[in-house]
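**Q** coords below, sequence missing:
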């Protein structure tokens, strides 16, 4: 999915660093797959929920392993790109690189 | 799903189990009903309708329905839709449950409670089973049924589905008459639509957060053990190597461990046919019993140990939580051929049997992916091929060790599995480029559940179910076809003064010789051609059929002989390899084609499937046979 389709500035989950403590800010589906927003919400990607990138697949960093709340999900990069995130505490950023 | 079958509604109130995938719902169902259910640890395996019966401490008999796991009442795949339809009382042929048990994973209340709140709004009497409380306690999550019950305004009981007495409090609750009459104390959502339901997911989330805050459970507890295992299992280099090693060990074990029990069954068959042959007078009846039934069924039964071992490993991998990780590791590979990692789970199930695999494809949300997965599933080497592979490998591949301890026979078996996988990937790749949607990005969104130690009970129940299914096949289809083949192979009797074996003059002999013209270019003789006829109905019948054909071909000795040395003596290596190649692809299973018809809703797909797989099989056998001849294996 092209990043242009999201049309919103701000960090998306697919670009997060591994191990950063983040929260979900907004879930925004691409026009080609509008149902993704609902699906992501159903599995727990709801505003304010804590989220963390755990690992990246190989090769090419796809798919991703994501901790959302208490659950772990495998997400495709395009799916993670639908989730806008913010750092819980900016002082922690990049502190626990794997 | 919506099958036009007659539904009986036996007496007794209906109880339905609802819960998120991986919440231990199926294990609880096993505990409540004492079995007849397969358990898994990845999203969406409980797709088949599963009903059981339980008896409460007061002696009341209840029907229990295990609904497919769902994250919410907004369905995104066909199996989740079944759950919604049953709960909303609009599933065809299903009674709306009288009581819903909402199974909640105590280690993941954050996500699980949202579903409980949605179920509560349905207006059906409802109770929450707070499951996996043992694990929650270990992780330091302090939650009591009483406190949760007060927060939810619903009855809540603690359960530990993996302990024998873990459901006792829940069973006692079923005797409470008031529970069955209670309605959720909020407004009943009569005629509520899935859409209306969906609007609440945001507010349910807020409600759940408030509940967790009040219970002091708002902290996200890290899963240290699972995460530590994942650092190895999902490692970019170590992970795939580990997966390859696991699959390799499974296939080596299937051959190595099964040897002793197989020899035992083999010896028992020979002993039995000798004993029966000695008792009965020489007649057509003795031939039917000894050559038809004992040689035919015994030849298939001997592969039971291998099937048990394969299922043991598949069930352990499922239960432990490793399978979704394997799907994650293979997602890129699957993406390359236009599928997602989600297709891996149905395809892996197909290694045991294509039918559960094809049914498991219901968990794939994308209709195109689902269809492609169904179409390639029969190329995964199912356990029904094992009898044929084992016979041919045992007869033609020398038993020896190569490259320091590796069994050559095991390697050949692995090669056959790989050939099926490559064939499936190639077909998927072709479909990727010939369908426009094939190149779109498709959703993965797959849960990676915490690792669990598999429980003996759930593994044992799973294996037992497979044994029963296999024995039933041996007892019904296989036995019937074997007897039918014996009849075809015995009548008409050879004319007086005939010199060749009797079978050459029989109906089967004539049919086989006619078919042999078709199969001659790929190296099959008339005995193989005859055995392929009943083998079209079910692959493993081929072994029994060959046993019968050769038992009847032997002019003097009418007792069942070991088949392997017989064919090793009379076939060329090229013929054996060609038959192996045929078996990698040929869709010789009526039950699979029937399952495809049911899942795709018409005859088009099963006909297309049978056509393309037979074409592939013929081409593969032709190439194999002629390559082998050229290399001097004639």
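**A** Arrived safely, thanks for sending. As the structure is a computational prediction, the values presented were derived from the model and not from experiment.
**Q** just give me the neighbour total for residue B:597.
**A** 16 (other Cβ atoms under 10 Å in any protein chain shown). C-beta coordinates here come from the backbone N, C-alpha and C atoms, glycine included.
**Q** give me the nearest residue to it, chain neighbours excluded.
**A** residue B:606 (4.7 Å; Cβ to Cβ, 6 or more residues apart in numbering or on different chains).
**Q** pLDDT on the helix or strand that contains the one you found, on average?
**A** According to DSSP states H and E, residue B:606 maps onto helix B:604-630. Mean pLDDT, computed over helix B:604-630, is 94.
**Q** buried residues in that helix, which are they?
**A** For helix B:604-630, burial by neighbour count (16 or more other Cβ atoms under 10 Å in any protein chain shown) applies to B:605-606, B:609-610, B:613-614, B:616-618, B:620-622, B:624-626, B:628-629.
**Q** point me to the residue of chain A nearest chain B.
**A** Here chain A gets closest to chain B at one residue, residue A:58, 3.8 Å apart by Cβ to the nearest Cβ.
**Q** ok, that residue to residue B:329 distance?
**A** Distance from residue A:58 to residue B:329, counting by Cβ to Cβ, to the nearest Å: 9 Å.
**Q** after the one helix or strand in chain B whose mean pLDDT sits lowest, next one along is what?
**A** Every helix and strand in chain B was compared by mean pLDDT, DSSP states H and E; the lowest is helix B:194-198, with a mean of 49. Sequence-wise, the next helix or strand downstream of helix B:194-198 (DSSP H and E) is helix B:201-214.
**Q** quick one: the helix or strand just after that next one near chain A?
**A** Downstream of helix B:201-214, the next assigned helix or strand under DSSP H and E is helix B:224-233. Yes: against chain A, helix B:224-233 shows contacts by Cβ under 8 Å from any Cβ of the partner chain at B:226-227, B:230-231.
**Q** and helix B:224-233, what does it pack onto?
**A** Applying 3 or more Cβ pairs under 8 Å, 6 or more residues apart in numbering or on different chains; DSSP states H and E, we find helix B:224-233 packed against strand A:50-56, helix B:238-256, helix B:322-329.
**Q** which parts of that helix are buried?
**A** By neighbour count with 16+ other Cβ under 10 Å, helix B:224-233 contains the buried residues B:226-227, B:229-230, B:233.
**Q** got the angle between it and helix B:322-329?
**A** Using axes from the mean of the first three to the mean of the last three Cα atoms, to 10 degrees, the direction of helix B:224-233 lies 40 degrees away from that of helix B:322-329.
**Q** and residue B:452, that one's in a strand?
**A** No: looking at residue B:452 with DSSP: H, G, I helix; E, B strand; the rest coil, it is coil, so not inside a strand.
**Q** what about it, how many neighbours?
**A** 18.
**Q** SS state for the residue of chain A closest to chain B?
**A** Residue A:58 - assigned by three-state DSSP - is coil.
**Q** hang on, the earlier thing: adding distance to residue B:170 and mean neighbour count, write the helices and strands packed on helix B:224-233 out as JSON lines.
**A** Compiled in JSON lines, the helices and strands packed on helix B:224-233 are given as follows (distance: least, Cβ to Cβ, whole Å; neighbours: other Cβ atoms under 10 Å in any protein chain shown):
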{"stretch": "strand A:50-56", "distance to residue B:170": "32", "mean neighbour count": "21"}
{"stretch": "helix B:238-256", "distance to residue B:170": "36", "mean neighbour count": "16"}
{"stretch": "helix B:322-329", "distance to residue B:170": "28", "mean neighbour count": "24"}
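**Q** returning to that earlier point: what sits against the residue nearest to residue B:597?
**A** By Cβ atoms under 8 Å, 6 or more residues apart in numbering or on different chains, the contact set of residue B:606 is B:593-594, B:596-597, B:600.
**Q** make it 6 Å
**A** Contacts of residue B:606 were listed using Cβ atoms under 6 Å, 6 or more residues apart in numbering or on different chains, and they are B:593, B:596-597.
**Q** contact partners of stretch B:244-259?
**A** Residues contacting stretch B:244-259 (Cβ under 6 Å, 6+ apart): B:305-306, B:309-310, B:313, B:410, B:413-414.
**Q** closest to chain A out of these?
**A** Checking the contacts of stretch B:244-259 one by one against chain A (Cβ to the nearest Cβ), the nearest turns out to be residue B:313, at 22.5 Å.
**Q** find the nearest non-adjacent residue to residue B:490, please.
**A** Residue B:490 sits nearest to residue B:506 (Cβ to Cβ, 6+ apart), 6.0 Å away.
**Q** what count of nearby residues applies to the one you found?
**A** Counted with other Cβ under 10 Å, residues neighbouring residue B:506 total 23.
**Q** correct me, but it touches residue B:489?
**A** Yes: between residue B:506 and residue B:489 a contact is recorded at 5.1 Å, counting by Cβ atoms under 6 Å.
**Q** let me see the confidence value for the residue nearest to the spatial centre of chain A.
**A** The centroid of chain A falls nearest to residue A:13 when counting by Cα atoms, centre = their mean (2.7 Å). pLDDT, residue A:13: 92.
**Q** for residue B:228, same thing?
**A** With respect to pLDDT, residue B:228 has a value of 90.
**Q** do residue B:426 as well
**A** Note on residue B:426: pLDDT of 93.
**Q** can you name the next helix or strand after the helix or strand that contains it?
**A** Secondary structure from DSSP H and E places residue B:426 in helix B:408-434. Following helix B:408-434 in sequence order, the next helix or strand is strand B:446-447 (DSSP H and E).
**Q** next secondary structure after that following strand?
**A** That would be, after strand B:446-447 and using DSSP H and E, helix B:456-473.
**Q** that following helix: how far from the chain's middle?
**A** Computed by Cα atoms, centre = their mean, to the nearest Å, the chain-centroid distance of helix B:456-473 equals 11 Å.
**Q** C-terminal to it, what's the next element?
**A** helix B:479-490.
**Q** and that following helix, what's buried?
**A** Quick answer for helix B:479-490 (16+ other Cβ under 10 Å): B:479, B:481-486, B:488-490.
**Q** please compute how far that helix lies from its chain's middle.
**A** Put simply, helix B:479-490 sits 29 Å off its chain's centre (Cα atoms, centre = their mean).
**Q** ok, and what's touching the helix or strand that comes right after that helix?
**A** Next helix or strand after helix B:479-490 toward the C-terminus (DSSP H and E): helix B:507-519. Contacts with helix B:507-519, where a contact means Cβ under 6 Å, 6+ apart, come from B:488-489, B:503, B:526, B:529-530.
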